[in-house]
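J.: I need the structure of the sequence given here:
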Amino acid sequence: MTNPVQRTRTWAYALVAAVAAALLALVAQPAWAHNSLVSASPAKNAALTAPPAQVTLKFLATLKKDGAKLTVTGPDGASAADAPAISGKTISAKFSGTTGGAYQVAYEVSSEDGHVVQGSYTFTLAGQPSPAPVTESATVPSASPSTAAPGSPSPAQAQPNSGDDKPWWPWIGGAVVAGLLVGGLLNLVKRRRGQA
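T.: Now for the predicted structure:
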């Protein structure tokens, strides 16, 4: 039979554990609330044979419309995308590049929690010759760019950009700390009961 002192200590330990878990949740919550890139089209390191219709980035949380930046820079250093548009968790811009080579996608967005997320990656557009100077024979439009369906993504475009995803480390760290706290308190309670 437990005496009132032991019951009081047990409740005190349980209260300390609950307060510690609540504090841990409050401290770790801002890290869990931060936004991160979920998917990108074209995907990171994708090798495309036809220009994409647009560059689209999807994030974990809803984006703020003010201050968002999405730029695509071509192999010649010139801009290869129009002004970005935001819709919920997605930011996109119409792609205007035509030359072959490496394109760099850079973004800076803020989510509802105010945290700014920024990053960049590259994809390659292959098989597209550099634009030739305009001559009379070059004014006839070529049928080859229109043969590719601009809205159909290649398998490389559908892959998520896993290099920028970081949502699991706070959960793992929080679970380890919570497990240690609960285990330590249970061990302490057992020892106290054994001594009584």
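J.: Report the next helix or strand after the worst-scoring helix or strand of the chain on mean pLDDT in sequence order.
T.: Counting by mean pLDDT, DSSP states H and E, the chain has its least confident helix or strand at helix 144-147, which shows a mean of 45. The helix or strand immediately downstream of helix 144-147 is helix 169-195, counting by DSSP states H and E.
J.: tell me the contacts of residue 90?
T.: Shown in contact with residue 90 (CB atoms under 8 Å, 6 or more residues apart in numbering): 56, 57, 58, 59, 63. Using the backbone N, CA and C atoms, a C-beta is placed for each residue, glycine as well.
J.: Break the protein into its domains for me.
T.: 4-33+170-195, 37-165 (automatic domain parsing).
J.: and the ones you listed, which one is worst for confidence?
T.: When the domains of the chain are compared by mean pLDDT, domain 4-33+170-195 comes last with a mean of 68.
J.: what's the neighbour count on residue 107?
T.: 23 (other CB atoms under 10 Å).
J.: Kindly report the same for the one 5 residues further on.
T.: As a burial measure, the neighbour count of residue 112 was computed by other CB under 10 Å and equals 11.
J.: Please name the residues that touch it.
T.: By CB under 8 Å, 6+ apart, the neighbours of residue 112 are 61, 62, 64.
J.: if I look at it, how far off is residue 90?
T.: To residue 90, residue 112 is 15 Å away according to CB to CB, to the nearest Å.
J.: again with residue 49
T.: Going from residue 49 to residue 90 by CB to CB gives 25 Å.
J.: What of residue 113?
T.: Computed as CB to CB, the residue 113 to residue 90 distance reads 18 Å.
J.: Check residue 175 too.
T.: From residue 175 across to residue 90, the span is 31 Å (CB to CB).
J.: cool, and residue 39?
T.: In terms of CB to CB, residue 39 sits 9 Å off from residue 90.
J.: any shared contact partners between these two?
T.: 57, 58.
J.: what is the nearest residue to residue 92 once chain neighbours are set aside paired to in the beta sheet?
T.: The shortest distance from residue 92 to any non-neighbouring residue, by CB to CB, 6 or more residues apart in numbering, is to residue 56 (4.1 Å). Under DSSP bridges, the beta-bridge partners of residue 56 are residue 41, residue 92.
J.: Thank you, goodbye.
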